[in-house]
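[1] mind folding the following:
(chains A and B)
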Amino acid sequence: MASSMPPMVWIVAAGYVAWLAIYLIGFSRINFESDYVDELLVVEEGT
Amino acid sequence: MAAQPSIPISHMLLGFVPWILVVGYITYRGYDKTASVEDMAVAKGHWGPVVLGFSAAATMQSAATILGVPGLVYGAGGFPGLWILITKSTAFGFGVLLFAKVFQHMGSRFGSLSVPDWLGHMYESDAVRVAGALLVTFQIAWIIAQLAGASQIISGLTVIPYNTALVIALVITFSYVFIGGESAVQTTDFFQGILMIVVVLLAVASGAWIIKGGFAGVPSAVASQGGNMGLFSPDFPIFAGPLAIFSFFMFFFAMSVSAPVGKKFLSLDSRKDIKVFVATVIVVTSIMDLTAFTGLYAYSLFPGLEMADQSIIRVIAMAFPSLVVSLMAVAIFSATVSTIDSVVIAITVSYTNDIYRRVLAKRGIVHADKTEEEINNFTIWLSRGFILLLAFISGIFAMTPPDFINVFVTVGNFGFISSVFPVILFGAVWERANSTGAIATLVIGPLIYVTLFLTQFPNNPFIAGTITMVFTMSIMGIVSAVTSGTPTRALTRSPEAEPAGD
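    Numbering: from 1, shown residues only, chains lettered A, B, ... in the order given. Reported below is the predicted structural model:
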């Protein structure tokens, strides 16, 4: 049955897994509560 | 071809009357809470991150999703249309994830009430604010398309003629925005979003019994009608090839900062709420996009539909008894009004707050003799008058429904975001981005998009928008690099920019 599925079905399944990984990385890396402006100034002072 | 479904008016009333009562009550509560321009425009702190997340999702997902997505799958001839599932709400959620923080933090710092207002604050430029506000006008196409969608739902399921349905949709939608402002919009969006999720899941589940062999039988059912089982649909521009797919992705990525959606970030009261808000948006929009599958069902069951956007209506009319169908029609109708309301507020605020209050009145060009309180009160009533004007204009244009709701929505929205997106992106991440670059982008960008659209080059509005964004990104980068103007990061250090709470 699985082998008869159109390729688009597998692309969608793989795409969902990829997006889930991107979202999880985003949620773990972005600190929504730290001050955005403070972070900008730290970057500028360091450069 | 299957006969046009027709639901008895009494059954439709059983669905619509409770809906109108609930929305009416919410509107009444919203009127009570609308005492200032801020309440009318963003209703900051009125509701928590889950309600706001639903509101952003329900704004984004509309007739263009519930009707339009199955319509595109049907138009693409089957499986190529499934690109929607990994390039629409997924890309939109990615944009929300990236931009929520900068919007909420800077918006709270300056008290911004809209996307153009936020830009005006970021670049400390009234010219940027006014250019952005005027560009929001493009998004009236979004209202027109949704009105057409709402009217199609009513006329498609009953004996009510299209134009009568249009008047009903106009009166219902604009009256509650007129009375309850953004506060009513957010609550009704939450309520409507839940209805939309229920109807999408029911419609998708119906594949188990209306398709021979159930879900597993869908590919063979589509193939039996000569459907497209491949990756691309050369005859259908939206899914013709990789560039078209990439452009589709870019559109929805940039839509995360469209005027009505970006405004929801500004309604978040605390940065502690951002995470829950973003997660809610991603989950809710992704569930709603599953409606794409009903396009496959319709392709295999109803070949030769004159209006592809009626795919899902045909599916649910076949799968469920008429009383259930009438309740589902209410949910789909909700999808359209939950978008119209937010776009109406976004356009209204652009003119009444961003142009009248922030620029004309503040500079004393008009109403120089009025106090700030008088100007604020006038802004609220000016907003209500503007909402009536929008109702009239969009109603006139919606009398002729577009062939594909999604395509019409795209033209209007890309006209706005193809110019505004680079200004937001560069302002958030590049220290040299300045007001001169922003103004150049906001003026030249629309001219490029309109030229591409009018010359029909290319014949796909998504690709036209993506090409425009290549130009606007270049303009923003080059002009900012070679000119002096107010850099956004200088503004963040100014004494006036102390945080106004979180």
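
[2] and the strands in the stretch 101-250 of chain B?
    Under the criterion DSSP state E, counting those that start in this stretch, the stretch 101-250 of chain B carries no strands.

[3] what residue in it comes nearest to chain A?
    Nearest to chain A in the stretch 101-250 of chain B, going by C-beta to the nearest C-beta, is residue B:105, at a distance of 3.9 Å. C-betas here are computed from N, CA, C, even on glycine.

[4] around chain A, pick out the residues from chain B.
    Chain B comes close to chain A at residues B:79-80, B:82-83, B:85-86, B:90, B:93-94, B:97-98, B:100-102, B:105-106, B:109, B:216, B:219-220, B:229-231, B:271-272, B:274-275, B:278-279, B:282, B:431, B:489, B:492-493, B:497, B:499, as judged by C-beta under 8 Å from any C-beta of the partner chain.

[5] emit the ChimeraX select command for whichever of these are buried.
    To isolate the buried members of the residues of chain B next to chain A in ChimeraX, using 16 or more other C-beta atoms under 10 Å in any protein chain shown:
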select /B:79,80,82,83,85,86,90,93,94,97,98,100,101,102,105,106,109,219,229,231,271,274,275,278,279,282,489,492,497
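
[6] in helices, which of the residues of chain B next to chain A appear?
    Among those, the members falling in helices (DSSP state H) are B:85-86, B:90, B:93-94, B:97-98, B:100-102, B:105-106, B:109, B:219-220, B:274-275, B:278-279, B:282, B:489, B:492.

[7] what's the helix or strand for residue B:475?
    Assigned by DSSP states H and E, residue B:475 belongs to helix B:461-482.

[8] so which bits of that helix are buried?
    B:461-469, B:471-473, B:475-477, B:479-480.

[9] ok, stretch B:204-215 next?
    For stretch B:204-215, by 16+ other C-beta under 10 Å, it's B:204, B:206-207, B:210-211.

[10] do stretch B:218-227 as well
    B:218-219, B:221-223, B:227.

[11] residue 30: how many residues sit nearby?
    Picking chain A for this. 16 (other C-beta atoms under 10 Å in any protein chain shown).

[12] wait, chain B
    Number of residues near residue B:30 (other C-beta under 10 Å) recorded here: 25.

[13] the one 3 residues further on now?
    For residue B:33, the neighbour count with other C-beta under 10 Å is 17.

[14] close enough to count as contact, residue B:73 and residue B:84?
    Yes - Residue B:73 lies in contact with residue B:84 (C-beta atoms under 8 Å); the separation is 6.9 Å.

[15] could you pull out the strands for chain A?
    Taking DSSP state E as the criterion, chain A contains no strands.

[16] for the one residue in chain A that gets nearest to chain B, give me its contacts.
    Of all residues in chain A, residue A:15 sits closest to chain B, at 3.2 Å by C-beta to the nearest C-beta. By C-beta atoms under 8 Å, 6 or more residues apart in numbering or on different chains, the contact set of residue A:15 is B:85-86, B:90.

[17] turn the residues you listed into JSON lines, columns for pLDDT.
    Listed next are the contacts of residue A:15 as JSON lines, based on pLDDT from 0 to 100:
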{"residue": "B:85", "pLDDT": "96"}
{"residue": "B:86", "pLDDT": "96"}
{"residue": "B:90", "pLDDT": "94"}
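
[18] just those residues now: which is nearest chain A?
    Distances from chain A to those, taken by C-beta to the nearest C-beta, are shortest for residue B:86, at 3.2 Å.

[19] which one is that closest one nearest to, not counting chain neighbours?
    By the measure of C-beta to C-beta, 6 or more residues apart in numbering or on different chains, the closest residue to residue B:86 outside its immediate chain neighbours is residue A:15, 3.2 Å from it.

[20] contact partners for residue 29?
    Picked chain A for this. Residue A:29 neighbours (C-beta under 8 Å, 6+ apart): none.

[21] sorry, should have said chain B
    Taking C-beta under 8 Å, 6+ apart, one finds B:180, B:183-184, B:187 in contact with residue B:29.

[22] equivalent analysis for residue B:301, please.
    B:2, B:210-211, B:221, B:314-315, B:318.

[23] one more: residue B:357?
    B:37, B:375-376, B:379.

[24] can you rerun that using 10 Å?
    Contact analysis of residue B:357 by C-beta atoms under 10 Å, 6 or more residues apart in numbering or on different chains lists B:37, B:41, B:113, B:117, B:349, B:351, B:367, B:372, B:375-376, B:378-379, B:382-383.

[25] and which of these is nearest to chain A?
    residue B:117 (17.6 Å).

[26] show the pLDDT at the residue lying closest to the closest one once chain neighbours are set aside.
    In this structure, residue B:117 finds its nearest non-sequential neighbour in residue B:354, 4.9 Å apart by C-beta to C-beta, 6+ apart. At residue B:354, the model reports a pLDDT of 95.

[27] for the longest helix belonging to chain A, list the C-alpha coordinates in PDB.
    Looking across chain A with DSSP H, the single longest helix is helix A:7-29. Output of helix A:7-29 as PDB, limited to C-alpha atoms (Å, rounded to 0.1, in the frame of the first residue of the first chain):
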ATOM      1  CA  PRO A   7       5.700  11.000  -4.000                       C
ATOM      2  CA  MET A   8       4.000  14.200  -2.800                       C
ATOM      3  CA  VAL A   9       2.800  12.400   0.300                       C
ATOM      4  CA  TRP A  10       6.300  11.500   1.300                       C
ATOM      5  CA  ILE A  11       7.500  15.000   0.700                       C
ATOM      6  CA  VAL A  12       4.800  16.400   2.900                       C
ATOM      7  CA  ALA A  13       5.700  13.900   5.700                       C
ATOM      8  CA  ALA A  14       9.400  14.800   5.500                       C
ATOM      9  CA  GLY A  15       8.500  18.500   5.300                       C
ATOM     10  CA  TYR A  16       6.500  18.300   8.500                       C
ATOM     11  CA  VAL A  17       9.400  16.600  10.300                       C
ATOM     12  CA  ALA A  18      11.800  19.300   9.100                       C
ATOM     13  CA  TRP A  19       9.500  22.100  10.200                       C
ATOM     14  CA  LEU A  20       9.000  20.500  13.600                       C
ATOM     15  CA  ALA A  21      12.800  20.500  14.100                       C
ATOM     16  CA  ILE A  22      13.000  24.100  13.000                       C
ATOM     17  CA  TYR A  23      10.300  25.200  15.400                       C
ATOM     18  CA  LEU A  24      11.800  23.200  18.300                       C
ATOM     19  CA  ILE A  25      15.300  24.700  17.600                       C
ATOM     20  CA  GLY A  26      13.700  28.200  17.400                       C
ATOM     21  CA  PHE A  27      11.900  27.800  20.700                       C
ATOM     22  CA  SER A  28      15.000  26.600  22.500                       C
ATOM     23  CA  ARG A  29      17.300  29.300  21.100                       C
END
